[in-house]
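J.: Structure for this input, please:
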Amino acid sequence: MNTRESIGSAIRTLSNLLRRQFACPAAKPEEHHRHCSQTSGLIMCYLCERPEEELCQHDVEQAFCIRRSTASRFLSMLEEDGLIARRPSPQDARRKLIVPTEKALSIHAKIVKRREEMEARITQGLSEDEIQTFLKIAKKIEANLSR
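T.: Okay, here's the model as predicted:
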């Protein structure tokens, strides 16, 4: 199999293009935070969009299929930028809940808008069937890699 025709190479190329095009989810350069990245923006949105849930680091690890050290690093950066706070759980003080701050909530809509623009650009020219087929295949690949 030619390297340029492999699924792994195609995924890597797409990942690089996504990272390059949408490096920071903030809409304007003045809103960029020191540790701004697409992943940190996605994590922040995940937290902002689940206000009723008591989320901890493990939930972030599971949602993004990332290791404990990676989640810890991203959450520490978000905390340093004043976008999240860690609070003890009312049920178990050893468990630290992660909650978005007012600062995070104030820029959340801009990040969602940027995410929607990115999705529109990614899916431009694709039919709904093609999108569903891609998502189905991506889930199978994810399951294969998660074993």
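J.: Let's verify the residue nearest to the spatial centre of the chain: helix, strand, or coil?
T.: Compute the mean C-alpha point of the chain, and by C-alpha atoms, centre = their mean the closest residue is residue 42, 2.8 Å away. Here residue 42 is helix, with the state taken from DSSP: H, G, I helix; E, B strand; the rest coil.
J.: What separation is there between it and residue 66?
T.: Applying C-beta to C-beta, to the nearest Å, the value for residue 42 to residue 66 is 11 Å. (Each C-beta comes from the backbone N, C-alpha and C, glycine too.)
J.: burial measure for residue 100, as a count.
T.: Here the number of neighbours of residue 100 (other C-beta atoms under 10 Å) works out to 24.
J.: One more: residue 62?
T.: Neighbours of residue 62 under the rule other C-beta under 10 Å: 10.
J.: Tell me the pLDDT of it.
T.: Listed pLDDT for residue 62 reads 94.
J.: try residue 126
T.: According to the prediction, residue 126 has pLDDT 97.
J.: ok so it is a helix residue?
T.: No: going by three-state DSSP, the assignment for residue 126 is coil, not a helix.
J.: Next one: it from residue 135, what distance?
T.: From residue 126 across to residue 135, the span is 11 Å (C-beta to C-beta).
J.: Over to residue 127?
T.: Going from residue 127 to residue 135 by C-beta to C-beta gives 13 Å.
J.: Strands of this structure, residue ranges please.
T.: Ranges of strands in the chain, per DSSP state E, are 84-88, 96-100.
J.: Please identify the most buried of the ones you listed.
T.: strand 96-100 (a mean of 19; mean count of other C-beta atoms under 10 Å).
J.: thinking again about what came up before, I'd like to know which of the strands of the chain is closest to residue 52.
T.: Between residue 52 and the strands of the chain, the tightest spacing by C-beta to C-beta is seen for strand 96-100, at 11.4 Å.
J.: For that closest one, what is the distance to the chain centroid?
T.: The chain centroid and the centroid of strand 96-100 are separated by 16 Å under C-alpha atoms, centre = their mean, to the nearest Å.
J.: Also stretch 137-147?
T.: Mean-position distance between stretch 137-147 and its chain equals 18 Å (C-alpha atoms, centre = their mean).
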